[in-house]
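# Quick one, structure for this:
(one chain, ligands or ions: 1)
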Amino acid sequence: MATDTLASPAVTGSGTTKIYKNFIDGEWVESSTGETFENRNPADTRDLVGIFQKSGKADVDTAIEAAQRAYVKWRMVPAPKRAEIVFRAAEMLLERKEQYARDMTREMGKVIKETRGDTQEAIDTAYYMAGEGRRMFGPTTPSELPNKFAMAVRNPLGVCAMITPWNFPMAIPSWKLLPAIVCGNTCVIKPAQDTPLSTYNLVQTLSDAGVPHGVINIVSGFGSKIGAPLMDHPLVRAISLTGSTEVGRIVGTAAAKNFKHCSLELGGKNPMIVLDDANLDLALDGGLWGGFGTTGQRCTATSRIIVQKGVYSEFVDRYVERAKKLKVGNGLDESVEMGPAVNEAQMKTDLDYVEIGKSEGAKLLCGGNRLDQGDYKYGWFLEPTVFGDVDPKMRIAQEEIFGPVVSIIPCDDLDQAIEIANDIDYGLSSALYTKDVNKAFRAMRDLYAGITYINAPTIGAEVHLPFGGVKATGNGHREGGIGAIDFYTEWKSIYVDYSDTLQRAQIDNAD
Ligand code: UN1
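Numbers count the residues shown, from 1 in each chain. Presented below is the predicted three-dimensional model:
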């Protein structure tokens, strides 16, 4: 297949493979290494989505320097004006939504309904953050001294580095880029190597909407080569990562050494509790959507279902019957319910966990195999997999798999269910199905996680509430809504003394 070097990812030549360059200082530029990598469709690996730059340290340095130059001007643009550009981008994303969703399904594999949802999540974030441009509230407060004024304002940080995952390839970059720029920062983003195109689409739109040169820069490539240069550069003041707990530990340590702000969104092993009094039809719908939506590849995926004994066997039978019937295939087909694993390595991890579950003595109730016949043979497809009678201490019930593998765990009552739910390293999302309002409120208080749903599965957070988790899921920051504004600004307290005398706080007003 012929290849073509392009000035911009928007340009296409028929019969050619598109080559996407880095985006630095408003220009599309080749990487200093001269190396590239392929982005292939996980549903059909014969389909080459594009070729991207395999960047090195020099590219990272150039991008950070461009971002620093842009920062000097961008921080002086009034926040409402910065936000208007983001509002324009939201309108443009709406127009481009279908195309971007199709691109995303091609590079990532999740079904088209979900990639429309992912794109919509970026649009929602853009509208919300556009509004923040006219808020960015801080306190004004009385001074303890007469004729003195006190307030705190939010200031930007400077250059922010972002490392984003492949499972929400437009939504998650939007959670980071949009609040960052509305707050007056500039950015260098490294998109996941499996799904860079969706980040390009987002940044192309922001650029078309008027984001100035250098405010957002993309450097594509592999974490092993460009992760450290990005984190360690002295001009980078904040690092935001969504990824694995393992990578989070490395990034958090690197950031701590140089006192950089650092936001980590890491793993999850999210429990959904189903009590005897639950609406079982609803719980089944929720458990299937939460467990197998996005092929189980969400940090918020419902990977543990804890079911009270009175409804256990009915729930398990009906859940397995429906899991077996889920239509697996190429996500561009509107009738498909579950796409492939994102890549071969993820598929192998999923299959390894099936073996681990079997060897631990869990009951494999359905699935567990790769699908590789007929149309499946060019992709990384798996059967929806359900284990029953899982002991909460088994590895399949403790470790994040990130695939279509659900563990069902029996329990006696709500107290035991909460104990099982909380007895885990992670704490992102959680859910309870019940009709008893007292039990619902106890769970809302006692489930130790960043998110709790009542009568809904563990997935589906909305962009204007804090998103993040406890324990090994993160380091205390939140994305979404006001949490993002908190992360991308730092406070400056300002005192204006208009008394024309020296007034000493804590001393002159002491008696
Ligand atoms: C993730 O899996 O990393 O709440 C993000 C949800 C989505 C975001 C998931 N809105 O499931």
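# Going by C-alpha atoms from here, please, whenever you check contacts or count neighbours.
Will do.
# Around the ligand, pick out the residues from the chain.
Along the chain, the residues adjacent to the ligand under the rule C-alpha under 6 Å from any ligand atom are Arg298, Cys299, Thr300, Ile459, Gly460, Ala461, Glu462.
# Against which helices or strands is the helix or strand hosting Glu95 packed?
Glu95 is part of helix 79-108 when elements are defined by DSSP states H and E. In terms of contacts (3 or more C-alpha pairs under 8 Å, 6 or more residues apart in numbering; DSSP states H and E), helix 79-108 is packed against strand 36-41, helix 112-132, helix 171-182, helix 196-209.
# that older thread, would you mind checking the residues of the chain next to the ligand for buried ones?
Those of the residues of the chain next to the ligand that meet the buried threshold are Arg298, Cys299, Thr300, Ile459, Ala461, by 16 or more other C-alpha atoms under 10 Å.
# Show me the strands in the stretch 401-511 of the chain, by range?
Here the stretch 401-511 of the chain has its strands, by DSSP state E, counting those that start in this stretch, at 405-411, 429-433, 451-454, 489-497.
# so what strands line up beside the third one?
Yep, that's strand 451-454 we're talking about. For strand 451-454, sheet partners with direction are given as strand 429-433 (parallel), following DSSP bridges.
# Tell me the gap between the partner strand and the middle of its chain.
Strand 429-433 has its C-alpha centroid displaced from the chain centroid by 19 Å (C-alpha atoms, centre = their mean, to the nearest Å).
# quick one: low-confidence parts of this protein?
Residues of the chain that meet the criterion pLDDT under 70 lie in 1-15.
# tell me the most buried of the strands of the stretch 401-511 of the chain?
Burial among the strands of the stretch 401-511 of the chain, expressed as mean neighbours by mean count of other C-alpha atoms under 10 Å, is greatest for strand 429-433, which shows a mean of 29.
# Deepest in the core, which of the helices and strands packed on helix 79-108 is it.
When neighbours are counted by mean count of other C-alpha under 10 Å, the highest per-stretch mean among the helices and strands packed on helix 79-108 falls to helix 171-182, a mean of 27.
# Strand partners (parallel or antiparallel) of the next helix or strand after it?
Toward the C-terminus, helix 171-182 is succeeded by strand 186-190 as the next helix or strand (DSSP H and E). According to DSSP bridges, the neighbouring strands of strand 186-190, each with its direction, are strand 159-163 (parallel), strand 216-218 (parallel).
# Now the residue nearest to the spatial centre of the chain: closest residue in space, sequence neighbours ignored.
The residue at the geometric middle of the chain, judged as the C-alpha nearest the mean C-alpha position with C-alpha atoms, centre = their mean, is Ile172 (4.1 Å). Using C-alpha to C-alpha, 6 or more residues apart in numbering and skipping the chain neighbours, the partner closest in space to Ile172 is Thr164 (6.7 Å).
# Export the buried ones among the residues of the chain next to the ligand as JSON lines, with columns for distance to Ile189.
As requested, these are exported to JSON lines (distance: C-alpha to C-alpha, whole Å):
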{"residue": "Arg298", "distance to Ile189": "21"}
{"residue": "Cys299", "distance to Ile189": "20"}
{"residue": "Thr300", "distance to Ile189": "23"}
{"residue": "Ile459", "distance to Ile189": "25"}
{"residue": "Ala461", "distance to Ile189": "23"}
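# how about Asp391, what does it touch?
When the contact criterion is C-alpha atoms under 8 Å, 6 or more residues apart in numbering, the partners of Asp391 are Ala362, Ala397, Ile409.
# between those residues, which is nearest the ligand?
Ala397 (18.0 Å; C-alpha to the nearest ligand atom).
# Distance from the helix or strand encompassing that closest one to the middle of the chain?
Element membership for Ala397 (DSSP H and E) is helix 395-398. Averaging C-alpha coordinates over helix 395-398 and over its chain gives two centres that are 22 Å apart (C-alpha atoms, centre = their mean).
# How about stretch 287-295?
Its chain's C-alpha centre and that of stretch 287-295 lie 17 Å apart, by C-alpha atoms, centre = their mean.
# hmm, back to that, distance to Glu132 added to the strands of the stretch 401-511 of the chain, as CSV?
What follows is those, written out as CSV (distance: least, C-alpha to C-alpha, whole Å):
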stretch, distance to Glu132
strand 405-411, 39
strand 429-433, 26
strand 451-454, 23
strand 489-497, 12
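# And the ones you listed: which comes nearest Gly286?
strand 429-433 (9.3 Å; C-alpha to C-alpha).
# Kindly export that closest one (C-alpha atoms) in PDB.
Provided in PDB are the C-alpha atoms of strand 429-433 (Å, rounded to 0.1, in the frame of the first residue of the first chain):
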ATOM      1  CA  SER A 429     -16.700   2.700  41.400                       C
ATOM      2  CA  SER A 430     -19.300   0.600  43.200                       C
ATOM      3  CA  ALA A 431     -23.000  -0.200  42.800                       C
ATOM      4  CA  LEU A 432     -25.900  -1.500  44.800                       C
ATOM      5  CA  TYR A 433     -29.200  -2.900  43.600                       C
END
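# For it, which outside residues touch it?
Taking contacts as C-alpha under 8 Å, 6+ apart, the residues outside strand 429-433 that touch it are 268-275, 278-279, 283, 300, 421, 440, 443, 447, 449-459, 469.
# Buried members of those into ChimeraX, please.
Remark: buried members of the contacts of strand 429-433, expressed as a ChimeraX selection using 16+ other C-alpha under 10 Å:
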select :268,269,270,271,272,273,274,275,278,283,300,421,440,443,447,449,450,451,452,453,454,455,456,457,458,459,469
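# Show me the helices in this structure, by range?
Ranges of helices in the chain, per DSSP state H, are 57-74, 79-108, 112-132, 171-182, 196-209, 223-232, 245-257, 280-292, 309-325, 344-360, 395-398, 414-422, 437-446, 481-487.
# list the buried ones in the shortest one?
Of the residues in helix 395-398, Ile396, Ala397, Gln398 count as buried by neighbour count, 16+ other C-alpha under 10 Å.
# what about stretch 328-335, how long is it end to end?
With C-alpha to C-alpha, to the nearest Å as the measure, the first residue of stretch 328-335 is 9 Å from its last.
# again with stretch 23-34
Stretch 23-34 has an end-to-end distance of 15 Å (C-alpha to C-alpha).
# how distant is that stretch from the center of its chain?
Shown here is stretch 23-34, whose average C-alpha point lies 25 Å from the average C-alpha point of the whole chain (C-alpha atoms, centre = their mean).
# Show me the contact partners of that stretch.
Outside of stretch 23-34, the residues within contact range by C-alpha under 8 Å, 6+ apart are 7-8, 20-22, 53-56, 58-59, 62-63, 66-67, 207, 212-219.
# Can you list the buried residues in that stretch?
Neighbour counts using 16+ other C-alpha under 10 Å place Phe23, Ile24, Asp25, Gly26, Trp28, Val29, Glu30, Ser31 of stretch 23-34 among the buried residues.
# so which of the residues you listed would you say is closest to Phe402?
When those are compared for distance to Phe402 (C-alpha to C-alpha), Phe23 wins out at 30.4 Å.
# What count of nearby residues applies to the residue of the stretch 301-450 of the chain found nearest the ligand?
Using C-alpha to the nearest ligand atom, the point where the stretch 301-450 of the chain gets nearest to the ligand is Ala301, with a distance of 6.9 Å. For Ala301, the count of nearby residues is 34 (other C-alpha atoms under 10 Å).
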